[in-house]
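Asker: Fold the following and give me the result.
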Amino acid sequence: MIRAGRLKYVQTMSDLADALGKSLGTVRNQKPYAAEGHPEPISSPGARNQLWDSEQTKAYYAGKPIPELTQVNDDEDLLDRHEAAELLGIAPVTWNTYKRDKDLAAGVVFVPEGPKGTEHWPRRLVLAYKDSRPGRGAGGGRREGSGDMIPRDEILPRIAELLDADPAVTVETVSDTLGITKFPTAQSGLATLRGRRIADLVEKQPGLALKDAALQLGYPAITHRAAVAFAERELSARGAQPYLQHTADVLAAAGIAQQAQVEMRQLDGGAVAAAVLLDTNQPSAAVVWDSRFGWRTSTSRRHPIGKSADTAPEGEGIRYLGTGRRPDPEELLAALRDQRRGTRRPKATTDKHISSEE
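Answerer: Numbering: from 1, shown residues only. Below is the predicted model:
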């Protein structure tokens, strides 16, 4: 984490390379930061972008004693997604939903500053979110015939609080407490969160059956079918995520895509998809990966994936790129740079039952 008052000393790998008078590529290859005695990163072990404290690294390379950083927690400490998730006792992927809370979204700090920075949140905001609990709004629940009474992006985090308190919480209780419709909002939200937590537990306990995980988490048998189905798709999405993130990083390093964390989306029929926004000087708005059809271009920046459908999207501005559903990132990059490459439809039409693990 970035300790309170130490933000100005944060050093990225690029900053470290500049301080050593070397290129970023050289530092990545030589890994001087892995040498024995080198200051440990201040970023969490699971962070994609490593960060150091520049006062520590400066002392190390000057052969001077390395100053120690305080180990006392402060409300102004900046936590990355892994640290925030650990503080709440959830998986980092679950934090991706929680962070949409309006207070957390307003208080996010990018390190380094800018859209390519890594998201951090002050400890006080994470603790405030942890301590808050959803309650009944004025009127004591959803009025008959009315719509949801809380913003859409707050629904899952607030259902999660109720699920934390009672794993067997019912659709009716969620609906009445939060003032949201039973079907599909409360029902879908509970199935989604239970599925994610089943997936979290199975990842921690390899070999554990999904239904056994549901039982271990205390979920009623009547909820197992929907939750397990979501957990299956969630695990499939997580299996594809490292490949997609690596590909997105390669495109960003080449200067044609925006640096960002890839977000997975579940589609109808068990398929999963993700989008990578391209820079505005590129012919296409984005590239989309679909577990059934592989990579394609998209003309929309706001809704690059589009509506879920069984058939492969076709039309003006859509090109299917690469060999197979998981081509090497360099192959995708070459196809994006050469407008002559690609096809109007997938080379091999696939059905909705093809696994995203292939």
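
Asker: quick one: P151 and G179, what's the gap?
Answerer: Distance, P151 to G179, using CB to CB, to the nearest Å: 12 Å. Yep, even glycine has a C-beta here, placed from its N, CA and C like the rest.

Asker: Also T94?
Answerer: For T94, the distance to G179 - CB to CB - is 23 Å.

Asker: Compare P151 and G179 (neighbour count), which wins?
Answerer: A count of neighbours by other CB atoms under 10 Å puts G179 above the other of P151 and G179, at 21 against 11.

Asker: Show the model's pLDDT score for the more buried one.
Answerer: Per-residue confidence (pLDDT) for G179: 85.

Asker: Is it correct that it is in contact with I150?
Answerer: Yes: under the criterion of CB atoms under 8 Å, G179 makes contact with I150 at 6.4 Å.

Asker: what about R302, which helix or strand?
Answerer: For R302, there is no host helix or strand (DSSP states H and E).

Asker: Over to Y243?
Answerer: Here Y243 is assigned to helix 224-253, by DSSP H and E.

Asker: what's the average pLDDT for the helix or strand that comes right after that helix?
Answerer: Later in the chain than helix 224-253, the nearest helix or strand by DSSP H and E is strand 264-266. On average, the pLDDT along strand 264-266 is 86.

Asker: Any idea how far strand 264-266 is from the middle of the chain?
Answerer: With CA atoms, centre = their mean, to the nearest Å as the basis, strand 264-266 stands 10 Å off its chain's centre.

Asker: ditto for stretch 20-28
Answerer: For stretch 20-28, the separation from the chain centroid amounts to 28 Å (computed by CA atoms, centre = their mean).

Asker: ok, and what's touching that stretch?
Answerer: M13, S14, L16, A17, Q30, P32, Y33, Y61 (CB atoms under 8 Å, 6 or more residues apart in numbering).

Asker: which residues touch the second one?
Answerer: Spelled out, it's S14. Contacts for S14 (CB under 8 Å, 6+ apart) come out as L24.

Asker: Tell me the secondary structure at it.
Answerer: Under DSSP: H, G, I helix; E, B strand; the rest coil, S14 falls in the helix class.

Asker: still on that earlier bit, which entries within the contacts of stretch 20-28 meet the buried criterion?
Answerer: When these are checked for burial by 16 or more other CB atoms under 10 Å, the buried set is M13, L16, A17, Y33.

Asker: Just give me the closest of the residues you listed to A231.
Answerer: When those are ranked by distance to A231 (CB to CB), M13 comes first, at 35.5 Å.

Asker: And the average pLDDT for the helix holding Y243 is what?
Answerer: For helix 224-253, the per-residue pLDDT averages 93.

Asker: Could you list every helix and strand in contact with that helix?
Answerer: helix 187-204, helix 210-216, strand 264-266, strand 272-277, strand 286-290, helix 329-337 (3 or more CB pairs under 8 Å, 6 or more residues apart in numbering; DSSP states H and E).

Asker: And these, which one averages the lowest pLDDT?
Answerer: When I compare the helices and strands packed on helix 224-253, strand 264-266 is least confident, with a mean of 86.

Asker: separation between L104 and A285?
Answerer: Using CB to CB, one gets 28 Å for the distance from L104 to A285.

Asker: For burial, what's the neighbour tally of N29?
Answerer: By other CB under 10 Å, the residues close to N29 number 9.

Asker: typo on my end, H82
Answerer: The tally of other residues near H82 (other CB under 10 Å) stands at 18.
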